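[1] with the input below, show me the fold.
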Amino acid sequence: MTDTEIVWTEGEQEHRARWHSEAGVAAPKRVVLADDTMSADAAYRLAAEGTGLLWRGDFQNARLLLQALGRRVDGSKKERAAKAAKAGAAAKAPKEIFNLYRMGQAQRARILGMLLIPFDADHTIPLRRAPGVVAACTEAYGETDTPYVASLRELIGLIGAHEWRRRGLPVPALGEQAKIHAHYGVFAPVRGEYLQLVARAPLPKAEQAFDIGTGTGVLAAILARRGIKPVIATDNDPRALACARDNVGRLGFQLRIEVIEADLFPPEERGKAGLIVCNPPWLPGKPGSPLERAIYDPDSRMLKGFLAGLAARLTPGGEGWLVLSDLAEHLGLRTREELLGWIGAAGLKELGRLEARPEHPKAFDETDPLHAARKAEVTSLWRLGVR
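    Numbering: from 1, shown residues only. Next up, the predicted model:
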């Protein structure tokens, strides 16, 4: 999170306000005022140059302008891709395509992040037709006592996260009416295929289980529903810990699941487990925002750490379940040989594997630059034991 100052001139006077960015984006060095009279083309030129646009007009018009900026960013990206392809300079290797894709996404986020919204000290927005966002901002930012400025793009994201949290996400693996409520900054379990793998894999004999990097707590809840108790769920992110505890309480699993703060495994005094489950981020890489920490694992740190420590924390005959997509392999970010090498070096062996094909819309979107990799993707539950 970045929390510095933003400076602009208004009425021939210099003004300052606290700059807030959950993604850690630095405050724009140059800021100009913008309102309903500014054209989308003019706004795009300024935003592309790195100039922040502090909105003083109608809030709903700001949303329309953000959509127009998005269309211009996407249009220019398509034009550049077409020119590159015509010149024979288009990237061919999957890793190159992925790196260009990430660069494009980062540039899109940077430009759209230049449309800025003022907030009063109580999280209200002093603009015409502004929605009530106090609850959403309080969930994401906490209490505040000073005015601040944040990007409209981030605000829309946290409003969406607030609605996800309020409504909850149905999880059939937990029962017909069961839902998981993801807090802001905690990745929602939208990929149902891996949840079903954990729900149907044959259980080893286990007096207790560990869920490493629990996030929303969904995998710990599935294990508890299958009859394992206790389940010790770990995470080192305060938001994830609060989210998991909230979901454990909502589902009535307080006596079966204990959520504790830990980097990977619980403290050694908590003993060993007959089942240890981990669903690490699936792609090696540097996350660009707090939410991306559930997607990108720098240098595969969490994956390697789980494998390296697993044998020492399993009871005799116990199993480690590694839930992992092979998307990284199709993108050229990791090879199957590397993964098998890490498993072997940790003194582990494969006991079996369950697989599922993704069902999310991007797997079927032929316009997605990563379509070939997503189409070939397989999500696996690796059942690992000590050699």
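[2] where does this protein have low pLDDT?
    Counting by pLDDT under 70, the chain shows low-confidence ranges at 1-3, 76-91.
[3] residue closest to the middle of it?
    Centroid-nearest residue in the chain, with Cα atoms, centre = their mean: residue 291, separated by 3.0 Å.
[4] quick check: that residue touching residue 187?
    Yes - at 6.2 Å, residue 291 counts as touching residue 187 under the criterion of Cβ atoms under 8 Å. (Each C-beta comes from the backbone N, C-alpha and C, glycine too.)
[5] pretty sure residue 382 is in a strand, no?
    Yes - assessed with DSSP: H, G, I helix; E, B strand; the rest coil, residue 382 lies in a strand.
[6] tell me the spacing between it and residue 278.
    The gap separating residue 382 from residue 278 is 10 Å, by Cβ to Cβ, to the nearest Å.
[7] overlap in contacts of the two?
    321, 322, 323 (Cβ atoms under 8 Å, 6 or more residues apart in numbering).
[8] returning to that earlier point: can you pick out the residue with more neighbours from residue 382 and residue 278?
    It is residue 278, of residue 382 and residue 278, that has more neighbours when counted by other Cβ atoms under 10 Å, with 25 against 21.
[9] show me how far stretch 307-323 is from its chain's centre.
    Relative to the chain's own centre, stretch 307-323 is displaced by 26 Å; criterion: Cα atoms, centre = their mean, to the nearest Å.
[10] likewise stretch 92-108?
    Chain-centre distance of stretch 92-108: 18 Å, with Cα atoms, centre = their mean.
[11] tell me which residues form a beta bridge with residue 325?
    Residue 325 forms beta bridges with residue 379, as assigned by DSSP bridges.
[12] hang on, it packs against residue 378?
    Yes - the criterion here is Cβ under 8 Å, and residue 325 meets it with residue 378 at 7.3 Å.
[13] neighbour count: the two, which is higher?
    More crowded of residue 325 and residue 378, by other Cβ under 10 Å: residue 325, with 21 against 16.
[14] what residues are up against that one?
    Neighbouring residues of residue 325 by Cβ under 8 Å, 6+ apart: 194, 282, 358, 377, 378, 379, 380.
[15] in JSON lines: the residues you listed, plus distance to residue 268.
    Shown next, in JSON lines, are the contacts of residue 325 (distance: Cβ to Cβ, whole Å):
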{"residue": "194", "distance to residue 268": "29"}
{"residue": "282", "distance to residue 268": "28"}
{"residue": "358", "distance to residue 268": "37"}
{"residue": "377", "distance to residue 268": "36"}
{"residue": "378", "distance to residue 268": "35"}
{"residue": "379", "distance to residue 268": "31"}
{"residue": "380", "distance to residue 268": "29"}
